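**Student:** below are the sequence and a predicted model; questions follow.
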Amino acid sequence: MRERCKEDSPPAGNGGLVGHDTTRQSLCPGIAAVLLATAAWLVAGSAFAQAPGAKPRSSLGVAVVALKSPYTGYKTDTVGAPIISYEGRKFHFRGGSFGYKLLDSDSTEVSLMASPYMMRFKRKDSHDPQLRQLSNRGFSAMAGVAVRHTAPWGLLQGNVQAEVSGHGGGVAADAKYAYPLPVGRVTLVPGVGLNYAGKGLNDYYFGVSDDEARRSGLARYRAGSGVSPYADLTAVLPLGPHWTATASLRRTRLSDAVKDSPMTTGDHMDSAALSLSYGF
């Protein structure tokens, strides 16, 4: 898939000032979103596969990931991306998320965090003629707190963050449980989780304003808050003291607030990823 890193001009008559327009941003959408989301997901999967009490370690690697957007007319993207993780005494960087550790014991980590919200809409990436009349939505900046706890009965991680980039405000939260299962040399890590998005975030990414409804012919839509459950499975294969191969699958069920939007199709999203990383 060819990526266009220059933002589109707004539709005629828009002037860049109505709806959800974010044409001043210039970050390439597909590659950037895949890089950050893949790194966060795979880094978390590899950490889950470690023994309870083991500390995450820094790593560099590459990944191939396939993602299906919920937006109508978007094709499944399959791209390669680097993955980077840094673990310091106080600071860490995990797949686009920066953290500062407030508590770091053998079993529990509590951190302040800042990260991008993994959603973006670019009208020219849709083949649907009505969605091509809408305004672009850019990445949002989030800040909050994250918790990670390991125990013999499994692993828990969660975070609560607020939107701080002026895209309508709102709160997002995520909670996940996983349990590593050694199977020979491979560790399988099944996990289940819940993702919450407040009405400010959902309306920014999936709402249709009055101006957009007039341009596109879509119904006006104000999205509320919603919860999206998901399940995933990660397989981690050590290839020596430093190298690790990881494969992951995830299915997310869309919340009613997202599913009912005239911008979306279907009731779920699927993701798949393969990576090779070097830990140090």
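**Tutor:** Great, that's in hand. Model, not experiment: these values are computed from the prediction.
**Student:** what's the neighbour count on residue 103?
**Tutor:** Using other Cβ atoms under 10 Å, residue 103 is surrounded by 9 other residues. The way it works is simple: take the backbone N, C-alpha and C, and place the C-beta from them, glycine included.
**Student:** typo on my end, it should be residue 247
**Tutor:** 17.
**Student:** if I look at it, how far off is residue 136?
**Tutor:** According to Cβ to Cβ, to the nearest Å, residue 247 stands 33 Å off from residue 136.
**Student:** now residue 66
**Tutor:** Distance, residue 66 to residue 136, using Cβ to Cβ: 23 Å.
**Student:** these two: who's more crowded?
**Tutor:** Taking neighbours as other Cβ under 10 Å, residue 66 and residue 136 compare with residue 136 leading, 22 against 15.
**Student:** my guess is that one meets residue 126, correct?
**Tutor:** No - taking contacts as Cβ atoms under 8 Å, residue 136 lies outside contact range of residue 126: 10.8 Å.
**Student:** start and end of stretch 91-100, how far apart?
**Tutor:** Terminal residues of stretch 91-100 lie 5 Å apart, using Cα to Cα, to the nearest Å.
**Student:** how far is that stretch from where the chain is centred?
**Tutor:** Chain-centre distance of stretch 91-100: 14 Å, with Cα atoms, centre = their mean, to the nearest Å.
**Student:** so for that stretch, what gets flagged as buried?
**Tutor:** Going by neighbour count (16 or more other Cβ atoms under 10 Å), the buried part of stretch 91-100 is 92-97, 99.
**Student:** same check on stretch 169-187?
**Tutor:** By 16+ other Cβ under 10 Å, the buried positions in stretch 169-187 come out as 169-172, 174, 176-178, 180, 187.
**Student:** quick one: end-to-end length of stretch 188-207, please.
**Tutor:** 38 Å.
**Student:** now swap in stretch 192-209 and tell me
**Tutor:** One end of stretch 192-209 to the other measures 34 Å (Cα to Cα).
**Student:** okay, buried residues for stretch 256-264 please.
**Tutor:** For stretch 256-264, the neighbour count (16+ other Cβ under 10 Å) marks 257-259, 261-264 as buried.
**Student:** what does that stretch contact?
**Tutor:** Contact with stretch 256-264 is made by 70-72, 121, 130-131, 134, 197, 199, 202, 206-208, 218-219, 221, 223-226, 228, 254, 266-267, as judged by Cβ atoms under 8 Å, 6 or more residues apart in numbering.
**Student:** the host helix or strand of residue 251 packs against which elements?
**Tutor:** Using DSSP states H and E, residue 251 maps to strand 243-253. Packing partners of strand 243-253 (3 or more Cβ pairs under 8 Å, 6 or more residues apart in numbering; DSSP states H and E): helix 29-48, strand 226-238, strand 268-279.
**Student:** now the element after it, going C-ward?
**Tutor:** Sequence-wise, the next helix or strand downstream of strand 243-253 (DSSP H and E) is helix 256-259.
**Student:** so how far is that following helix from its chain's centroid?
**Tutor:** That offset, for helix 256-259, works out to 17 Å (Cα atoms, centre = their mean).
**Student:** again, but for stretch 161-178
**Tutor:** 11 Å.
**Student:** CA atoms only: put that stretch into CSV for me.
**Tutor:** Output of stretch 161-178 as CSV, limited to C-alpha atoms (Å, rounded to 0.1, in the frame of the first residue of the first chain):
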residue,chain,number,x,y,z
GLN,A,161,-5.6,8.5,30.5
ALA,A,162,-7.1,11.9,29.6
GLU,A,163,-6.9,13.5,26.1
VAL,A,164,-4.7,16.6,26.3
SER,A,165,-4.3,17.6,22.6
GLY,A,166,-7.5,19.6,22.2
HIS,A,167,-9.4,17.0,20.2
GLY,A,168,-12.7,17.2,22.2
GLY,A,169,-11.3,16.0,25.5
GLY,A,170,-12.4,12.7,27.0
VAL,A,171,-11.0,9.8,28.9
ALA,A,172,-9.7,6.4,27.8
ALA,A,173,-9.0,3.3,29.9
ASP,A,174,-7.7,-0.2,29.3
ALA,A,175,-7.6,-3.3,31.5
LYS,A,176,-6.1,-6.7,30.5
TYR,A,177,-5.5,-10.1,32.1
ALA,A,178,-3.1,-12.6,30.7
